[in-house]
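Engineer: just to be clear, the model below is a prediction. Sequence and coordinates:
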Amino acid sequence: MSRILLDTHVFIWWVEADSRVVAEWIEPIVDANNEVYVSAVTAWEIETKKQIGKLVFNHDVVAKMREFEFLGLPISLDHAGAAGALDWAHRDPFDRILVAQASTELMVLLSADAAMKSAPGVRVL
């Protein structure tokens, strides 16, 4: 069993059946033996970007999580502290939380963002 954390764009692409979903992500996501998580930061990022006009996503995040049987991952004080303390030049707070969560919770992060591969202490697929 693996614990998988979806980057925000991966969640969006999965929900929208986008062709950018990488073939090697499909098996880990659909494998019933794996636990697939969507972070609370993903909902925050999606709704924030919708509000400022940077994203069109006509779905309810929580409803889609339930539909695909993804688990929710709250942001804890440990996650917040780890995100702030990351020795990583990446400044995007959403990405820093995702990396900290994946690292702290020993999860594999599914992401197409090349910057995530340079994040310390996290396995990115």
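Structural biologist: Cool, got the structure. Owing to the predicted nature of the structure, the values given are computational and were not obtained by experimental measurement. Numbering: from 1, shown residues only.
Engineer: contacts only, for the residue nearest the centre of the chain.
Structural biologist: Residue closest to the average C-alpha location in the chain (Cα atoms, centre = their mean): Asp7, at 2.5 Å. Neighbouring residues of Asp7 by Cβ atoms under 8 Å, 6 or more residues apart in numbering: Thr42, Asp95, Leu98, Leu109, Leu110, Ser111, Ala112, Asp113, Met116. Backbone N, C-alpha and C define where each C-beta goes, glycine included.
Engineer: list the buried ones in the helix or strand containing His9?
Structural biologist: Using DSSP states H and E, the element containing His9 is helix 8-15. For helix 8-15, the buried set under the neighbour-count rule, 16 or more other Cβ atoms under 10 Å, comprises Thr8, His9, Val10, Phe11, Ile12, Trp13, Trp14, Val15.
Engineer: just stretch 89-96 next, same as before
Structural biologist: Within stretch 89-96, the residues scored as buried using 16+ other Cβ under 10 Å are Phe94, Asp95, Arg96.
Engineer: what packs against the helix or strand containing the first one?
Structural biologist: What it means is Phe94. Assigned by DSSP H and E, Phe94 belongs to helix 93-104. Helix 93-104 sits against strand 3-6, strand 35-39, helix 40-51, helix 77-85, strand 108-110, with contacts defined as 3 or more Cβ pairs under 8 Å, 6 or more residues apart in numbering; DSSP states H and E.
Engineer: export those to CSV and tack on mean neighbour count and distance to Asn58?
Structural biologist: Output for the helices and strands packed on helix 93-104, formatted as CSV (neighbours: other Cβ atoms under 10 Å; distance: least, Cβ to Cβ, whole Å):
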stretch, mean neighbour count, distance to Asn58
strand 3-6, 23, 19
strand 35-39, 22, 17
helix 40-51, 17, 9
helix 77-85, 14, 29
strand 108-110, 22, 23
